[in-house]
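[1] Show me the folded form of this:
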Amino acid sequence: MEQEELLYLLALTNSEGVGPVVARKLLDHFGTAKQVFHERNNCRATIPGVRPKFLSSIFTKFNLLNAERELKYINDNQLSYCHISDTNYPPRLKNCPDAPLLLFYKGAINFNIQRSLSIVGTRQMTAYGKATLKNLMTDLKAYNPLIVSGLAYGVDIYAHRLAMEHDMSTIGVVAHGLDRIYPAAHKPIADQMLAKGGILTDFWSGTNPERENFVKRNRIVAGISQATIVIESAEKGGSLITADLANSYHRDVFAVPGRVTDAFSVGCNQLIKTNRAAVLTSAKDIAYILNWERHTESQNIQHELFIELPPGEKQVYQYLLKEGKTQLDLISLYCKLPTYKIASILFNLEMKGMIRPSPGKFFEAI
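    Got it, this is the predicted structure:
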């Protein structure tokens, strides 16, 4: 991305009252952030879904000066970044309606790892939660997923530590800029994570870890992975917000059940009771629902019978055979076909008994 376009993107995304949804509509209308600024007078015209009053803060001199300072910080500190249209932007997050336009990160992060899990839970983890998470991560090692969490006390930091112990990639999504680590006690762990994973945010440098920022960052935690796992949660808390966000993005949610008398099992039990999460007792539950188990050789031989499929159907079917259960939007993204064509192809394959649909617009090869 050119530095000039990055500058205008920074100014656009940092404008007061202009969130990711409005910013994306402006980009869809004008093509680039640079063009938004060059055609500022036309921004006052009617743009579907954008109220002119939201645009007042975009074109101020103060806004561009702030963007210039942040661009200098990014370059001086050699931060990595990606725009929502970039190929290295997290593909699952890209399909969320409120996904950030810009992400900033440190480390060696591979956003295209197919198997990925977000693990969340209470900051006051009990011995039960700790033992459950330890056993789970030991068993998950065989599947080698990317582990995402929030670098907070309790479940988050333990998930990061266990991921590194088992040589799995791990990302910490933080609620502040990359000029700091909060809590400061976790900086040594964060530094270790940079070797195989890293730290990710959509906040600028100088942003403090305010309460409302944690809620905002939860949409990244929920949207970036295949599924969200809640280890322990009280009746209310950020973990339940993340679970609800994951459900709204049509992602799978798992919760560890607990005794009805345990305060930090109330949230998990409620998620299960209200059908907002599947019961999690072991890594096999995750592998089964996300279809991580590989097909046997005999099954693969049987699939050879279908080599006469039309090119589009063959491409989609082979992709599902390789990747397992996948959401419609991601099939469209990786097969480079529009959604309406993918929907037609999936219908034909389903009628031929070769795939099966699942809730949340997921499909998998049989």
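[2] so what's the most centrally placed residue in the chain up against?
    What sits nearest the mean C-alpha location of the chain, by Cα atoms, centre = their mean, is Ile224, with 1.0 Å. For Ile224, the contact set (Cβ atoms under 8 Å, 6 or more residues apart in numbering) comprises Pro90, Arg92, Leu93, Phe111, Ser116, Ser118, Val148, Ile171, Val173. (Each C-beta comes from the backbone N, C-alpha and C, glycine too.)
[3] Just give me the neighbour total for the fifth one.
    Pointing back at Ser116 there. 20 (other Cβ atoms under 10 Å).
[4] which element follows the helix or strand of the chain with the lowest mean pLDDT toward the C-terminus?
    Within the chain, no helix or strand scores below helix 297-303, which has a mean of 43 by mean pLDDT, DSSP states H and E. Sequence-wise, the next helix or strand downstream of helix 297-303 (DSSP states H and E) is helix 311-323.
[5] Flag the shaky bits of the stretch 101-250 of the chain, pLDDT-wise.
    The stretch 101-250 of the chain contains no residues with pLDDT under 70.
[6] and stretch 359-366, average pLDDT?
    Taken as a whole, stretch 359-366 has an average pLDDT of 80.
[7] first vs last residue of that stretch, how far apart are they?
    Stretch 359-366 has an end-to-end distance of 16 Å (Cα to Cα, to the nearest Å).
[8] In it, which residues are buried?
    By neighbour count on 16 or more other Cβ atoms under 10 Å, the buried set for stretch 359-366 is Lys361, Phe362, Phe363, Glu364, Ala365.
[9] cool, and stretch 136-152?
    Buried, per 16+ other Cβ under 10 Å, within stretch 136-152: Leu136, Met137, Leu140, Pro145, Leu146, Ile147, Val148, Ser149, Gly150, Leu151, Ala152.
[10] One more: stretch 245-258?
    Across stretch 245-258, burial judged by 16+ other Cβ under 10 Å covers Leu245, Ala246, Asn247, Tyr249, Arg251, Asp252, Val253, Phe254, Ala255, Val256, Pro257, Gly258.
[11] Let me know the closest of the residues you listed to Thr126.
    Gly258 (8.7 Å; Cβ to Cβ).
[12] Surely that closest one and Ser265 touch.
    Yes: look at Gly258 against Ser265 with Cβ atoms under 8 Å: they come within range, at 2.4 Å.
[13] Cys82: what secondary structure?
    When classified by DSSP: H, G, I helix; E, B strand; the rest coil, Cys82 comes out as strand.
[14] Tell me what it is bridged to.
    Leu103 (DSSP bridges).
[15] Let me see the contact set for it.
    Asn88, Tyr89, Leu102, Leu103, Tyr105, Phe111.
[16] can you name the two of these that are farthest apart?
    Between any two of the contacts of Cys82 (Cβ to Cβ), the greatest distance is 14.0 Å, for Leu102 and Phe111.
[17] In terms of neighbours, single out the busier of the two.
    Leu102 (24 against 21).
[18] Please determine how far that one is located from Met125.
    Counting by Cβ to Cβ, to the nearest Å, the gap from Leu102 to Met125 is 33 Å.
[19] for Met137, same thing?
    If you go by Cβ to Cβ, the gap between Met137 and Met125 works out to 13 Å.
[20] hang on, the earlier thing: would you mind putting the contacts of Ile224 into TSV with distance to Leu71 and secondary structure alongside?
    Formatted as TSV, these follow (distance: Cβ to Cβ, whole Å; DSSP: H, G, I helix; E, B strand; the rest coil):
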residue	distance to Leu71	secondary structure
Pro90	22	coil
Arg92	28	helix
Leu93	23	helix
Phe111	22	coil
Ser116	30	strand
Ser118	30	strand
Val148	27	strand
Ile171	24	strand
Val173	22	strand
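[21] Run through the strands of the stretch 201-350 of the chain in chain order.
    If DSSP state E, counting those that start in this stretch is used as the criterion, the strands of the stretch 201-350 of the chain fall at 227-230, 252-255, 278-279, 326-327.
[22] Stretch 241-257 spans what distance, first to last residue?
    OK, stretch 241-257 end separation, Cα to Cα: 18 Å.
[23] Pull the distance from it to the chain's centre.
    Centre-to-centre, stretch 241-257 and its host chain are 12 Å apart (Cα atoms, centre = their mean, to the nearest Å).
[24] Stretch 318-329 too?
    On Cα atoms, centre = their mean, the centre of stretch 318-329 falls 18 Å from the chain's centre.
[25] gap between stretch 342-354 and the chain center?
    27 Å.
[26] wait, I meant stretch 236-244
    Counting by Cα atoms, centre = their mean, stretch 236-244 comes out at 15 Å from the chain centroid.
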